[in-house]
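Q: sharing a model prediction with you, sequence too.
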Amino acid sequence: MMKKMMRLSVFMTALLLALMLPFSNAQAATLKDGTYSVNYTVLKAEGNAVSMANDYWLKPAKVIAKNGKLTVQMTIKNSSWVTEFKVPENGGYVDTTVLSTNKKANTRIVQFQAQSLSKPIKSKIHVTVKSADYDHDYTIQLKFDESSIKSLSSNSSNETAGAAENHQSSKESTKKSDSSTHTKQEENPQTGDTNQTGWLLVLALCSGGFLARKWIIKH
């Protein structure tokens, strides 16, 4: 009897994981229309080693989701050194769009379209440091942490990162005052399908219970 119960426990666990994994992946990959922040890491061309360029790409990035399309906005410091920043498009690489430049701070804000945040985005950069006689091309990967996604708004898809930077101080105070009321909403901003996931979990448990009962009767 004990062996049967152990086998049943393993069976139920495996069944639950198999049923829930696809739903969790789909939830992470889908964003409702709105504006979000997301953390990311700049990696070397291959593998998971962090690139030196990671220090020059400020975090978090801003993501604007609209009609199933994602627009990613990033701020680069030591902007004068990064003379090129290209991302994949139509089988090749294209320059990112410069939204604003702050010459005094030596930063610039760029944006590009992304198909998904679930896989690293290979990009190409060119770094030139004239004072050090340094001039090189690099391939990097932009790896996003989907678990860090937080909702910034649900109706400001047309807001640019340049405007966000100019009004940063006022937004920071607004975020502080609103943090207590929006904490629960920010925990699962990706889909708004929490209830659906809950029902799927219940369905999975019921199905597993039914199969387990049949298994016990047979054995």
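A: Now that the structure is in, tell me what you want to look at.

Q: what domains does the record give for the protein?
A: 2-28+194-218, 32-166 (automatic domain parsing).

Q: and these, which one is worst for confidence?
A: Comparing mean pLDDT over the domains of the chain, the weakest stretch is domain 2-28+194-218, at a mean of 56.

Q: elements contacting the longest strand seen in the chain?
A: Assignment by DSSP state E gives strand 134-153 as the longest strand of the chain. Applying 3 or more Cβ pairs under 8 Å, 6 or more residues apart in numbering; DSSP states H and E, one finds that strand 134-153 contacts helix 2-29, strand 34-44, strand 57-66, strand 121-129, helix 168-187. For every residue, glycine as well, the C-beta is placed using N, CA and C.

Q: change it to 7 Å
A: Applying 3 or more Cβ pairs under 7 Å, 6 or more residues apart in numbering; DSSP states H and E, we find strand 134-153 packed against strand 34-44, strand 121-129, helix 168-187.

Q: residues in contact with that strand: which ones?
A: For strand 134-153, contacts defined as Cβ atoms under 7 Å, 6 or more residues apart in numbering pick out 28, 34-45, 51, 53, 117-118, 120-128, 185-186, 189-190.

Q: and it, which strands flank it?
A: Sheet partners assigned to strand 134-153 using DSSP bridges are listed as strand 34-44 (antiparallel), strand 121-129 (antiparallel).

Q: check which residues of that strand are buried.
A: 138, 140, 141, 142, 143, 144, 146, 149, 151, 152 (16 or more other Cβ atoms under 10 Å).

Q: neighbours of the closest residue to residue 71 other than its chain neighbours, how many?
A: Using Cβ to Cβ, 6 or more residues apart in numbering and skipping residues adjacent in sequence, the residue nearest residue 71 is residue 64, 4.4 Å away. Neighbourhood size, residue 64 [other Cβ atoms under 10 Å]: 23.
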